[in-house]
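Visitor: below: sequence and its predicted model.
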Amino acid sequence: MTSSDSGVAPAGGAEDPSASPVVVVGAGPGIGMAVARRFGAAGHPAGLIARDRGRLSDHVAELERSGIKAAAASADARRPDDLRKALGELRDALGPAQILCFSPFPDVSLIKPVTDTTAQDVRAALQLSSVGAAAAVQELLPALRPGATLLFTTGGAAVAPSADRAVSAVAYSAEITYARLLHDALAPDIHVALITIVGPVGPEKKHKPAVIAEHLFRHHTQRTEFQQVIR
C-alpha cells in the first residue's frame, strides 16, 4: 500500500496532492473549518456538512480562495436520513472520503441540571452524538480502505461529568463507547481516534481551533492512541 493509498504523509513532508477527501460533520467556523484547512493544506479535498446553507457557501468560498478543493451539503446530524443524503452528495462531488471528522456543535439548550433533564432532552442529545456518529460511519464504511481514519471530538463532560450538565455527560459517554468499539473492531486497517476537550474552544478562548485541528491531523498521520484528553 502506497502512502497516497493510505492518506498518511510520506516521509519528508507534504502529502500527495491527490489524497482522498476529508468529510467534516459539524463544519462551523471553529474546529470544523480548522480541520478543513489543516487537512486541505495537506492535499485533502474538504467536504463540509452543517445546517446553515449560507454559512456553508461562505466556508467553501474561503477554502477555495486558499487553494483547497471543497464542497458542502446541508444536513442536521440528528437526522440520519438527511446526513446519509448529504454524505452521498459529497461523495458524488469529491469522491469517496477516507477521513471523517465528526464534531457537531452541541445544543446548549439541552444542558441543564439532571433533575430538570427530560427523556426528550436525553434523546435529542444522543441523536446528535451517538446516532449521528453511527449514521455517518455506516454511510462511509463500505468505501473505506486500509489507512482510513475516523475522528471524533467531545467536550469535557465526558471525563468530568457534572449533575448540572447532565445530557453532555450522558451523550459524550455514549459517543466515546461507540467510538472505542469501532476502534477495537476496525484496527489496524482503519484508525479510530477521539479527542476530549476540557474547556472552551475559540480564537480567543483557552483552546484554539487550529491547535485542536493539528492534534486531529496527528492522529490521522501517526495512528497511535485511541483517546486524547486536552485540558
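Guide: It's in.

Visitor: mind giving me the packing neighbours of the helix ranked longest in the chain?
Guide: Counting residues, the longest helix found in the chain (DSSP state H) is helix 166-186. Using 3 or more C-beta pairs under 8 Å, 6 or more residues apart in numbering; DSSP states H and E, the elements in contact with helix 166-186 are helix 119-126, helix 132-140, strand 149-155, strand 191-197. Bear in mind the C-beta positions are built from the backbone N, C-alpha and C, glycine included.

Visitor: winner for burial among these?
Guide: Across the helices and strands packed on helix 166-186, averaging neighbours per residue (mean count of other C-beta atoms under 10 Å) puts strand 149-155 on top, at a mean of 25.

Visitor: what lines up beside that one in the sheet?
Guide: In the sheet, strand 149-155 lines up against strand 99-102 (parallel), strand 191-197 (parallel) (DSSP bridges).

Visitor: how many other residues sit next to the closest residue to Pro200 other than its chain neighbours?
Guide: Leaving out its chain neighbours, the residue that sits closest to Pro200 by C-beta to C-beta, 6 or more residues apart in numbering is Lys206, at 5.5 Å. When neighbours are defined as other C-beta atoms under 10 Å, Lys206 has 12 of them.

Visitor: all further residue positions should be reported with the first residue as 45.
Guide: Right, with 45 as the first residue, what we last looked at is Lys250.

Visitor: of the strands paired with strand 193-199, which approaches Ala180 most closely?
Guide: strand 143-146 (5.7 Å; C-beta to C-beta).

Visitor: pull the distance from the closest one to the chain's centre.
Guide: Offset of strand 143-146 from its chain centre (C-alpha atoms, centre = their mean, to the nearest Å): 4 Å.

Visitor: quick one: contacts of that strand?
Guide: 51, 64-70, 76, 79, 83, 88, 121, 176-177, 180-181, 184, 192-197, 260, 264 (C-beta atoms under 8 Å, 6 or more residues apart in numbering).

Visitor: secondary structure element holding Glu106?
Guide: Element membership of Glu106, judged by DSSP states H and E, is helix 97-109.

Visitor: what packs against the very next helix or strand once past that helix?
Guide: Beyond helix 97-109 on the C-terminal side, the first helix or strand identified by DSSP H and E is strand 114-118. Using 3+ C-beta pairs under 8 Å, 6+ apart, the elements in contact with strand 114-118 are strand 90-94, helix 97-109, helix 124-138.

Visitor: can you say which of those is packed in most?
Guide: The most buried one of the helices and strands packed on strand 114-118 (mean count of other C-beta under 10 Å) is strand 90-94, showing a mean of 28.

Visitor: next, the angle strand 114-118 makes with it.
Guide: With axes from the mean of the first three to the mean of the last three C-alpha atoms, to 10 degrees as the basis, strand 90-94 and strand 114-118 are set at 20 degrees to each other.

Visitor: next, give phi and psi for the residue lying farthest from the centre of the chain.
Guide: Here the centre of the chain is the reference, and by C-alpha atoms, centre = their mean the most remote residue is Thr159, at 30.6 Å. Per-residue torsions, Thr159: phi -70, psi -20 (degrees, to the nearest 10).
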